[in-house]
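Novice: Next come a sequence and a model predicted from it.
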Amino acid sequence: MFDNLSLKLDKAFQSLKGQGRITEINVATTVKEIRKALIDADVNYKVAKEVTDDIRDKAMGQDVLTAISPGQLLVKITNDELTSLMGGQSEDIKIEGSPAVILIAGLQGSGKTTFSGKLANYLKKQGRSVLLTACDIYRPAAIDQLKVLGEQVGVEVYAEPENKDAVKIAKAAIEHAKKNNHRIVIVDTAGRLAVDEEMMDEIARLKAALNPSETLFVVDSMTGQDAVNTAKAFNDRLNFDGVVLTKLDGDTRGGAALSIRRVVDKPIKFMSLGEKMEAIDRFYPERMASRILG
Ligand code: GDP
């Protein structure tokens, strides 16, 4: 994850490290290299420019030119900027209501069903009683996939394979949860290969009908700029509460992780680094920034 970006940033700082005194030109050159590294990692151009302009301004404001180790100070400023770019504080999901409903949205193939299973596993391990609900009414295979995952993590899966009304299925699942003392209902929804009106209408209807305490948008980090555009389209329509970045274990350039927060102004709450049910982690901007800067 982020190997290329880390390497390029390291290279950008190399010329400053060990130098006792640097000039404005040194700073400008390094900042330019940082910008290039971010853009190469698929960070939105506007975001990369904003971030590096901030790094340059802060570097000048904090007397990098007279600092004892200017290279280190610039690394720290960059670390702080990347942390703030990714949202600063880590944010937890909201679990409210009886039962609390968590709605999972995203494109087909983004990792929604896998993440639903992982989230159920994660919450179950915290001692909560969870019900998974299969609301992908278009792909029978998606229902089976969720059932397999539910079995794997020991969480009940509610499904009505013959029913083609996602809202009715989800409402019945909530009733089922009430009767069986499940405190959380995770609703896995249908996705399409690209944003389309029908999908957006359906997920918007689900959100309005279920009043979830948390709506999570799941996005494949490997899709680069598309990830950001898709996030924007879903957020405009759904006003979701948080983002889940999947497939960060892949050979991703990581731009999604770095630009989504700034573009949609919603926190990244979880990340997923693999297909296993245990591969789910809370997202901590500071840890991610440190990881990127090595
Ligand atoms: P959905 O269509 O959005 O429900 O997506 P799925 O959950 O079916 O995931 C699509 C594919 O991506 C499956 O083959 C998953 O095993 C895989 N996948 C999901 N999350 C991850 C991840 O974090 N890392 C990797 N490498 N693969 C993942």
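Specialist: Okay, I see it. Source: prediction; values computed, not measured.
Novice: where in the stretch 1-150 of the chain is pLDDT low?
Specialist: Counting by pLDDT under 70, the stretch 1-150 of the chain has low-confidence residues at 18-20.
Novice: what residues does it put near the ligand?
Specialist: 106, 108-114 (CB under 6 Å from any ligand atom). C-beta coordinates here come from the backbone N, C-alpha and C atoms, glycine included.
Novice: mind giving me CSV with these and columns for secondary structure, neighbour count and distance to residue 152?
Specialist: CSV is the format used below for those (DSSP: H, G, I helix; E, B strand; the rest coil; neighbours: other CB atoms under 10 Å; distance: CB to CB, whole Å):
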residue, secondary structure, neighbour count, distance to residue 152
106, strand, 27, 21
108, coil, 16, 21
109, coil, 14, 20
110, coil, 24, 20
111, coil, 22, 16
112, helix, 26, 16
113, helix, 27, 12
114, helix, 23, 11
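Novice: what two of the residues you listed are the furthest from one another?
Specialist: 108 and 114 (12.3 Å; CB to CB).
Novice: next one: phi and psi at residue 234?
Specialist: Torsion angles at residue 234 (phi, psi; degrees, to the nearest 10) stand at phi -70, psi -40.
Novice: And for it, the neighbour number?
Specialist: By the criterion of other CB atoms under 10 Å, residue 234 has 26 neighbours.
Novice: right, and it touches residue 104 too?
Specialist: No. The criterion here is CB atoms under 8 Å, and residue 234 misses it with residue 104 at 11.5 Å.
Novice: which residues sit in contact with residue 269?
Specialist: When contacts are counted by CB atoms under 8 Å, 6 or more residues apart in numbering, residue 269 touches 91-93, 216, 241-244, 282-283.
Novice: who touches the closest residue in space to it that isn't next to it in sequence in this structure?
Specialist: Nearest residue to residue 269 in three dimensions, chain neighbours excluded: residue 242, at 3.7 Å (CB to CB, 6 or more residues apart in numbering). If a contact means CB under 8 Å, 6+ apart, then residue 242 has 91, 93, 214-217, 266-270 as its contacts.
Novice: Check residue 131 too.
Specialist: Contacts of residue 131 by CB under 8 Å, 6+ apart are 99, 155-158, 173, 176-177, 180, 182, 184-186.
Novice: try it again with 7 Å
Specialist: Counting by CB atoms under 7 Å, 6 or more residues apart in numbering, residue 131 makes contact with 156, 158, 173, 176-177, 182, 185.
Novice: Narrow those residues to those in helices?
Specialist: Among the contacts of residue 131, the members found in helices (DSSP state H) are 173, 176-177.
Novice: follow-up on the earlier one: and the contacts of residue 269, which are buried?
Specialist: Neighbour-count burial (16 or more other CB atoms under 10 Å) applied to the contacts of residue 269 gives 91, 93, 216, 241-244, 283.
Novice: with those residues in mind, which one is nearest to the ligand?
Specialist: residue 244 (9.4 Å; CB to the nearest ligand atom).
Novice: Okay, and the beta partners of that closest one?
Specialist: Bridge pairing for residue 244 (DSSP bridges) gives the partners residue 218, residue 270.
Novice: That one contacts residue 221, correct?
Specialist: No. Look at residue 244 against residue 221 with CB atoms under 7 Å: they stay out of range, at 9.9 Å.
Novice: Now do the helix or strand containing residue 74: everything it contacts.
Specialist: Using DSSP states H and E, residue 74 maps to helix 70-85. For helix 70-85, contacts defined as CB under 7 Å, 6+ apart pick out 13, 16-19, 22, 30, 34, 51, 54-55, 58-59, 62, 64, 67, 258, 261-262, 285-286, 289-290, 292-293.
Novice: Report the buried residues of it.
Specialist: Buried, per 16+ other CB under 10 Å, within helix 70-85: 70-71, 73-75, 77-78, 80-85.
Novice: Distance to residue 227 added to the residues you listed, as TSV?
Specialist: As requested, those are exported to TSV (distance: CB to CB, whole Å):
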residue	distance to residue 227
70	35
71	32
73	32
74	29
75	27
77	27
78	23
80	24
81	21
82	18
83	20
84	20
85	15
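Novice: Just flag the most distant two among the contacts of residue 269.
Specialist: The most widely separated members of the contacts of residue 269, counting by CB to CB, are 241 and 282 (14.5 Å).
Novice: Show only the entries of the contacts of residue 269 found in helices.
Specialist: Short answer: those have none in helices (DSSP H).
Novice: Among those residues, which one lies nearest to residue 227?
Specialist: Nearest to residue 227 among the contacts of residue 269 is residue 243, at 9.4 Å by CB to CB.
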